[in-house]
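Novice: Using only what follows, build the 3D model:
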Amino acid sequence: MPKVLVTPFRRPVAASKIADGEPALVIPGMMSGDQATALLRKSLRKAGFDAQGWGVRVNTGIRQDYMACAEQRLVEMTEHCPAMIIGWSLGGIYARVLAQRHPELVSMVVTLGSPFSGNRHANRAWRLYDAINDHTVENPPFDEDPAQKPSVPTVAIWSEHDGVVAPECARGQVSESDRRYAVSAKHFEMGSSRKTVKEILAIIADARAQLAS
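Specialist: A predicted model of the protein is given here:
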């Protein structure tokens, strides 16, 4: 059984404390929901974040109603301080656009294998995306360009072994993120492999330290 299907039942990854209750919004990839990010969110909580899902049942594509739900969740989470947003795959597109729209509510954006840069047809899921949405992968229903770096600290995590998203699309150009980190993981392991989640937590800790210095 794929690990991503049983993440709600798995123990969090042990990690050093990174935060002290800072909110973290975690947005899943295409054709998945909050269940898929359960291990990552549990592990973020173990590291000191108040990690929450986005509350939409299944992420089928870029939709105005999904964006409205994500914006509402972000507003609700950030009553006392800005939130870190982590977007896995397509979720990273939402994360970057949310940060462009509401930089005052966002402390950092972290994308996990997200195709925010370059040729969207370089990624293997574009045909599925076009088939299940009322727009093409090249024409999402918002004006923002996800390749444009938000005005908040932005981290891109990518893999040469992704297998779904082209590495150059998830890595992006130097000007499109503040920091870029490579992991050795397949696309669906980004949030479901204990080894990769541990790497992601270490990357977040390093990025926070580097960007604060």
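Novice: Need phi/psi at the residue nearest in space to the middle of the chain.
Specialist: Centroid-nearest residue in the chain: residue 87, 1.1 Å away (criterion: Cα atoms, centre = their mean). Dihedral angles of residue 87 (phi, psi; degrees, to the nearest 10) stand at phi -120, psi 130.
Novice: need the contact list for it.
Specialist: Contacts for residue 87 (Cβ atoms under 8 Å, 6 or more residues apart in numbering) come out as 26-27, 93-96, 109-112, 114. Every C-beta, even on glycine, is put in place using the N, C-alpha and C of the backbone.
Novice: Surely residue 119 touches residue 165?
Specialist: No. With contact defined as Cβ atoms under 8 Å, residue 119 does not reach residue 165; the gap is 11.3 Å.
Novice: So between these two, which is more surrounded?
Specialist: residue 165 (27 against 12; other Cβ atoms under 10 Å).
Novice: secondary structure element for the more buried one?
Specialist: Secondary structure from DSSP states H and E places residue 165 outside every helix and strand.
Novice: and it, what does it touch?
Specialist: Contacts of residue 165 by Cβ under 8 Å, 6+ apart are 89, 113-115, 123-125, 158, 187.
Novice: For the longest helix seen in the chain, buried residues please.
Specialist: As assigned by DSSP state H, the longest helix anywhere in the chain is helix 194-212. Neighbour-count burial for helix 194-212, with 16 or more other Cβ atoms under 10 Å as criterion, is recorded at 194, 196-197, 199-205, 207-208.
Novice: How far off centre is it?
Specialist: 14 Å (Cα atoms, centre = their mean, to the nearest Å).
Novice: From the rest of the structure, what touches it?
Specialist: So helix 194-212 is in contact with 10, 13, 15-16, 18, 39-40, 43-44, 47, 84, 108, 110, 112, 153, 155, 157, 178-179, 181, 183, 185, 189-191, going by Cβ under 8 Å, 6+ apart.
Novice: on that earlier part again, redo the contacts of residue 87 as TSV? Include secondary structure.
Specialist: As requested, the contacts of residue 87 are exported to TSV (DSSP: H, G, I helix; E, B strand; the rest coil):
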residue	secondary structure
26	strand
27	strand
93	helix
94	helix
95	helix
96	helix
109	strand
110	strand
111	strand
112	strand
114	coil
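Novice: how about JSON lines for those, with neighbour count, distance to residue 170 and pLDDT added?
Specialist: Formatted as JSON lines, those follow (neighbours: other Cβ atoms under 10 Å; distance: Cβ to Cβ, whole Å; pLDDT from 0 to 100):
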{"residue": "26", "neighbour count": "26", "distance to residue 170": "17", "pLDDT": "98"}
{"residue": "27", "neighbour count": "28", "distance to residue 170": "15", "pLDDT": "98"}
{"residue": "93", "neighbour count": "26", "distance to residue 170": "11", "pLDDT": "98"}
{"residue": "94", "neighbour count": "27", "distance to residue 170": "15", "pLDDT": "98"}
{"residue": "95", "neighbour count": "32", "distance to residue 170": "13", "pLDDT": "98"}
{"residue": "96", "neighbour count": "30", "distance to residue 170": "12", "pLDDT": "98"}
{"residue": "109", "neighbour count": "28", "distance to residue 170": "13", "pLDDT": "98"}
{"residue": "110", "neighbour count": "26", "distance to residue 170": "12", "pLDDT": "98"}
{"residue": "111", "neighbour count": "32", "distance to residue 170": "7", "pLDDT": "98"}
{"residue": "112", "neighbour count": "34", "distance to residue 170": "8", "pLDDT": "98"}
{"residue": "114", "neighbour count": "31", "distance to residue 170": "6", "pLDDT": "98"}
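Novice: This completes my enquiry, with thanks.
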